[in-house]
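> Would you be able to build a 3D model of this:
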Amino acid sequence: MAGGLLCLMKRQMPVLFEAEEACAGLFHKGAEEYVVLAGTLETGTQGFLIIADKLLPFVQDRTLFLAILDRLNRDSLSGLHQLLDYPGGVIYLYKQIICFPQGLSQELFDQLLESGIREFRQGLRYICQQLESVLTAARRSGGSRMGTDRN
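As a prediction, the model looks like this:
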């Protein structure tokens, strides 16, 4: 199944890395570029799709970020929004587990990729809106709840 997944990915994007059960590529949609990681689990009828590629500024108030992610994940129907620590910030990603008991066709893969990109973009917008709201409130009150230095 992993070989089939690799072929499906290669039709949509340049593949940068491939291993026995997973591969990673760069997907372009308009002016946007996304890192896509996909793979199969041991059963061969389940897999995963991860969309990543946005570095957000470091936030000293981790509780704030966790609250934003909690609200975002409660509204998510098919995946999980996460942040990974990275020097100078955090990497935002969206991941979903996928089932394909009848096999993974190009059409199904394209639909999964499109829905993953859509969820990623919606999540990123939501996070940025929430952070901007906190920054605006902090400026008005004369204080700051979080650091916003970028590299």
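> contacts, neighbours, all on C-alpha from now
Will do.
> What segments of this protein are strands?
15-18, 22-29, 32-40, 46-57, 80-86, 89-99 (DSSP state E).
> can you list those in TSV and add mean pLDDT?
Below are these laid out as TSV (pLDDT from 0 to 100):
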stretch	mean pLDDT
strand 15-18	89
strand 22-29	91
strand 32-40	90
strand 46-57	84
strand 80-86	86
strand 89-99	87
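> isn't residue 23 right up against residue 15?
Yes. The pair formed by residue 23 and residue 15 meets the contact definition of C-alpha atoms under 8 Å, at 7.0 Å.
> how close does the closest residue to residue 33 other than its chain neighbours get to residue 103?
The shortest distance from residue 33 to any non-neighbouring residue, by C-alpha to C-alpha, 6 or more residues apart in numbering, is to residue 27 (5.7 Å). According to C-alpha to C-alpha, to the nearest Å, residue 27 and residue 103 sit 22 Å apart.
> In terms of neighbours, single out the busier of the two.
Set residue 27 next to residue 103 and count neighbours by other C-alpha atoms under 10 Å: residue 27 wins out with 19 against 14.
> Surely that one touches residue 12?
Yes. Using C-alpha under 8 Å as the test, residue 27 is close enough to residue 12 to be in contact (7.0 Å).
> so what sits against both of those two?
Shared contacts of residue 27 and residue 12 (C-alpha atoms under 8 Å, 6 or more residues apart in numbering): none.
> Which one of the strands of the chain lies nearest to residue 65?
In terms of C-alpha to C-alpha, the element of the strands of the chain nearest to residue 65 is strand 80-86, at 8.6 Å.
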